[in-house]
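S.K.: Structure of the sequence below:
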Amino acid sequence: MVDKLDAWSGIEKILRLFISLATISSVLCHFFEVCMTVQLETLQYLKQSQELVDLYRDRQTDESLTGVVTDYTEDFVYLSLISDSGLPNGIAVVLTDDISRIRWQGNERQSIQQLMDAKQTRPMTPVIRLDTLVDVLVSVNSAFGYVSILTENMDDGVTFIGEIKNIDAGAVLLQEFGTMTSRDRRWLMLRLDEITRVDAGAAYEEDIKFLACNGSGREVGQAGSDA
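M.R.: Residues are numbered from 1 along each chain as shown. Next comes the predicted model:
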């Protein structure tokens, strides 16, 4: 009889432990859902209101991105960028999880907004698919004829600009446009999990594309042959 009571007591303790763990798990899940909801609700408001924002990703770079939220998902945020003089400055797609802060309103942003209104600025808003990173890259390349890729976790001062020649879920093959000085059409294979930001449409990027596509760049080898 004592052995049976001890056995039931042990089972009861185990059940109580499982109930406690389930309760803790439920509380944690609710906490993270609330946190995510605040972020997504904010992004939804900013998309609808088209408020001018400064978006910060402090783990990747000290620089903020100024623009309006054109679209977003749980994984990506698509910004139509605006320059300090109130003119369109291309687009940027960043990882939602990388966002540390978003600011809107305030004197500086209101000044830029006034310039936008005076110049009747319309942000760039091509259709960009945000389902996966592959979709982002392919749709940006389709809309602009190239992509500008940043890998800020490795080096926030390096940008790869060029045409996508092949892509899968693991890597992208890029024929680069080079720079204003090098102007070499080199080949680059880049892992997708290193990409932190995808841009296009800014003045520098468009100038690089123009030079590359008008025969001023030097073609270098074929994919896989240029070291």
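S.K.: May I ask which helix or strand encompasses the residue positioned nearest the centre of the chain?
M.R.: Nearest to the mean C-alpha position of the chain, counting by Cα atoms, centre = their mean, stands residue 94 at 1.1 Å. Residue 94 belongs to strand 88-95 when elements are defined using DSSP states H and E.
S.K.: How is this protein divided into domains?
M.R.: For the chain, the structural domains run 1-88+98-124, 126-221, going by automatic domain parsing.
S.K.: Can you show me the helices along the chain?
M.R.: Under the criterion DSSP state H, helices of the chain are mapped to 2-49, 107-119, 133-144, 203-213.
S.K.: For the second one, which outside residues touch it?
M.R.: By Cβ atoms under 8 Å, 6 or more residues apart in numbering, the list of residues contacting helix 107-119 from outside reads 52-54, 66, 82, 84-87, 103, 121. Every C-beta, even on glycine, is put in place using the N, C-alpha and C of the backbone.
S.K.: Contact partners for residue 180?
M.R.: Contacts of residue 180 (Cβ under 8 Å, 6+ apart): 207-208, 211.
S.K.: again, only using 6 Å
M.R.: Taking Cβ atoms under 6 Å, 6 or more residues apart in numbering, we find residue 180 in contact with no residue.
S.K.: still on that earlier bit, find the one among the domains of the chain with the highest mean neighbour count.
M.R.: Most buried of these, by mean neighbour count (mean count of other Cβ atoms under 10 Å): domain 126-221, with a mean of 17.
S.K.: So residue 147 is in contact with residue 141, correct?
M.R.: Yes: with contact defined as Cβ atoms under 6 Å, residue 147 reaches residue 141; the gap is 5.0 Å.
S.K.: ok, and the closest non-adjacent residue to residue 149?
M.R.: Nearest residue to residue 149, sequence neighbours excluded (Cβ to Cβ, 6 or more residues apart in numbering): residue 160, at 4.5 Å.
S.K.: Give me the contact list for stretch 194-206.
M.R.: Stretch 194-206 has contacts (Cβ under 6 Å, 6+ apart) with 60, 89-94, 124, 136, 140, 144, 147-153, 161.
S.K.: sorry, back to before: okay, the contacts of helix 107-119 in JSON lines with pLDDT and distance to residue 129 next?
M.R.: Putting the contacts of helix 107-119 into JSON lines (pLDDT from 0 to 100; distance: Cβ to Cβ, whole Å) gives the following:
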{"residue": "52", "pLDDT": "97", "distance to residue 129": "25"}
{"residue": "53", "pLDDT": "98", "distance to residue 129": "22"}
{"residue": "54", "pLDDT": "98", "distance to residue 129": "26"}
{"residue": "66", "pLDDT": "98", "distance to residue 129": "24"}
{"residue": "82", "pLDDT": "98", "distance to residue 129": "23"}
{"residue": "84", "pLDDT": "96", "distance to residue 129": "30"}
{"residue": "85", "pLDDT": "96", "distance to residue 129": "30"}
{"residue": "86", "pLDDT": "97", "distance to residue 129": "28"}
{"residue": "87", "pLDDT": "97", "distance to residue 129": "26"}
{"residue": "103", "pLDDT": "97", "distance to residue 129": "28"}
{"residue": "121", "pLDDT": "94", "distance to residue 129": "25"}
